[in-house]
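Colleague: Quick one, what's the 3D model for this:
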Amino acid sequence: MTINSVDRLQVFIMAGGSGERFWPASRTATPKHLLKLLGDQTLLEQSIRRFEGIVPFEQIFVLTNVAQIEATLAAVPFLPAENIIAEPAKRDTAPAAALATGIARSRNSDAIVGLFPADAMIHDTTAFRRQLTEATEFVAVNTSILTFSITPNHASTGFGYLQLGKPIAAPGSNRIVSVERFIEKPHADRAQDFFLGKKHGWNAGMFLWQAETFLTECRRHQRDLEKFILEFPKGDHASYLAERFPLLPKISVDFAIMEKATSVVAAIAEYDWDDVGSWTALPPHLGIDENGNTVKGKVVTLDATRNIVIAGKRTIALCGVSDLVVVETDDAVLVCHRNAVQQIKNLPLPPELK
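Modeller: You can find the predicted model right below:
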């Protein structure tokens, strides 16, 4: 990648989610991406440090919300404080994309925008950085929106899919292909067809585009977003953000732009990827003992199998039970069957525990 392309790339990490499926560890003010679930760093810090050596910290931004701003600032003290931006209202990924593009464009009219989630896990950072470099080089000379496609390793109904087309000639890479269509989360039979057919990839929600390319697509399909980007001020944008952002439509970037865009391509990921969507995602990362248990903290077991146990300050003892998720914090204990983890977000919790 040329130096000019590196200089143009500005990365925005979307870190405003609630992580409700990780209760009781995750709360409104300290959601999943601010937890040290998989090591000594939060998922947010791991996501940011994935770009080290490619993008300087001055060109990495975090998009969060008002409730999480203090915890986010504390979690990433190595980033400039002004690069931590609190969205003043809960919207969706299309307004976040417009905000990222507005900021990037106000700093550099020739900017390339990278938009990434804060809570995905990638272990092979070497391959990630190499493909990020290749993808940025491609975007720098093409008016396409690029997304990253994850090759499915099972028939998941929890992800959106990309229907992949023909390879596109790109310097240094043969892993960039056209995207024929975006597909919402499928039912089980269709997901199995996608998995076996090997013509679809998971939509990881990771994007690259030239600021002007995204602006052009907004002009065609989302005039409110276009106006927001065009009028985004240079320098201090606090009052503009407070006044204008809450008025933007609540819509995902897939619905608003990607499904209608003139040219969307995918870089097929050659690195591992996991969205760490629930407690049952932890075993591959934290390890599994001879009885199939995954444990963190002070845990003892007897005749217990296939459990996931996260202890806080106390010791958790499991005897004669299987397939449970047990999580202890200072003020709450979760006991849940592994098959019910998606229902955790529906627990009727009192306000002080949310």
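Colleague: alpha carbons only for contacts and neighbour counts from here, please
Modeller: Will do.
Colleague: domain assignment for this structure?
Modeller: Structural domains assigned to the chain are 3-268, 279-353, following automatic domain parsing.
Colleague: and among these, the most buried is which?
Modeller: domain 3-268 (a mean of 19; mean count of other CA atoms under 10 Å).
Colleague: next one: it to chain centre, how far?
Modeller: When C-alpha coordinates are averaged (CA atoms, centre = their mean, to the nearest Å), domain 3-268 and its chain have centres 7 Å apart.
Colleague: got the contact list for the closest residue in space to Asp275 that isn't next to it in sequence?
Modeller: Of all residues not flanking Asp275 in the chain, Ala120 sits nearest, at 4.3 Å (CA to CA, 6 or more residues apart in numbering). Counting by CA atoms under 8 Å, 6 or more residues apart in numbering, Ala120 makes contact with 43, 47, 273-276.
Colleague: how much space between Ala120 and Thr147?
Modeller: 15 Å (CA to CA, to the nearest Å).
Colleague: Grab the nearest non-local neighbour of Glu217.
Modeller: Nearest residue to Glu217, sequence neighbours excluded (CA to CA, 6+ apart): Ala261, at 6.2 Å.
Colleague: Ok, Ala188 next?
Modeller: Thr157 (6.0 Å).
Colleague: right, and the one you found touches Glu184 too?
Modeller: No. Contact criterion CA atoms under 8 Å: Thr157 and Glu184 do not qualify, at 9.3 Å.
Colleague: Look up phi and psi at the residue nearest to Glu217.
Modeller: Dihedral angles of Ala261 (phi, psi; degrees, to the nearest 10) stand at phi -60, psi 150.
Colleague: Give me the sheet partners of the lengthiest strand in the chain and which way each runs.
Modeller: Looking across the chain with DSSP state E, the single longest strand is strand 200-210. Partners of strand 200-210 in the sheet, by DSSP bridges, are strand 112-117 (antiparallel), strand 145-150 (antiparallel), strand 161-167 (antiparallel).
Colleague: if you average pLDDT over that strand, what comes out?
Modeller: Per-residue pLDDT over strand 200-210 has a mean of 96.
Colleague: quick revisit: give me the local confidence score for the residue nearest to Asp275.
Modeller: Note on Ala120: pLDDT of 92.
Colleague: As PDB, could you dump the C-alpha coordinates of the helix or strand hosting Ile48?
Modeller: Assessed by DSSP states H and E, Ile48 sits inside helix 43-49. C-alpha atoms of helix 43-49 as PDB (Å, rounded to 0.1, in the frame of the first residue of the first chain):
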ATOM      1  CA  LEU A  43     -12.600  -6.300  23.500                       C
ATOM      2  CA  LEU A  44     -12.500  -2.600  22.600                       C
ATOM      3  CA  GLU A  45      -8.800  -2.300  23.300                       C
ATOM      4  CA  GLN A  46      -8.100  -5.500  21.400                       C
ATOM      5  CA  SER A  47     -10.000  -4.100  18.400                       C
ATOM      6  CA  ILE A  48      -8.100  -0.900  18.400                       C
ATOM      7  CA  ARG A  49      -4.700  -2.500  18.800                       C
END
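Colleague: which other residues reach that helix?
Modeller: So helix 43-49 is in contact with 13, 15, 32-37, 60, 75-76, 117-121, going by CA under 8 Å, 6+ apart.
Colleague: Ok, stretch 63-82 next?
Modeller: Applying CA under 8 Å, 6+ apart, the set of residues contacting stretch 63-82 is 12-16, 28-30, 34, 42, 44-45, 57-58, 60, 84-90, 96.
Colleague: swap in stretch 345-354?
Modeller: With CA under 8 Å, 6+ apart as the test, stretch 345-354 has contacts from 20-21, 23-24, 27-28, 332.
Colleague: Apply 7 Å and report the result again.
Modeller: If you take CA atoms under 7 Å, 6 or more residues apart in numbering as the criterion, stretch 345-354 is touched by 20-21, 27-28.
Colleague: centre of the chain versus that stretch, how much separation?
Modeller: On the basis of CA atoms, centre = their mean, stretch 345-354 sits 24 Å off its chain's mean C-alpha point.
Colleague: That one - what's its average pLDDT?
Modeller: Computed over stretch 345-354, the average pLDDT equals 92.
Colleague: Tell me which residues are up against the host helix or strand of Ala98.
Modeller: Assigned by DSSP H and E, Ala98 falls within helix 93-107. Outside helix 93-107, the residues that touch it by CA under 7 Å, 6+ apart are 10, 12, 111, 113, 211, 225, 229, 232-234, 248, 251-253, 256.
Colleague: do the same with stretch 312-321
Modeller: Contacts of stretch 312-321 (CA under 7 Å, 6+ apart): 297-305, 328-329.
Colleague: chain center to that stretch: distance?
Modeller: The answer for stretch 312-321 is 32 Å, by CA atoms, centre = their mean.
Colleague: ends of that stretch, how far apart?
Modeller: Start to finish, the residues bounding stretch 312-321 are 20 Å apart (CA to CA).
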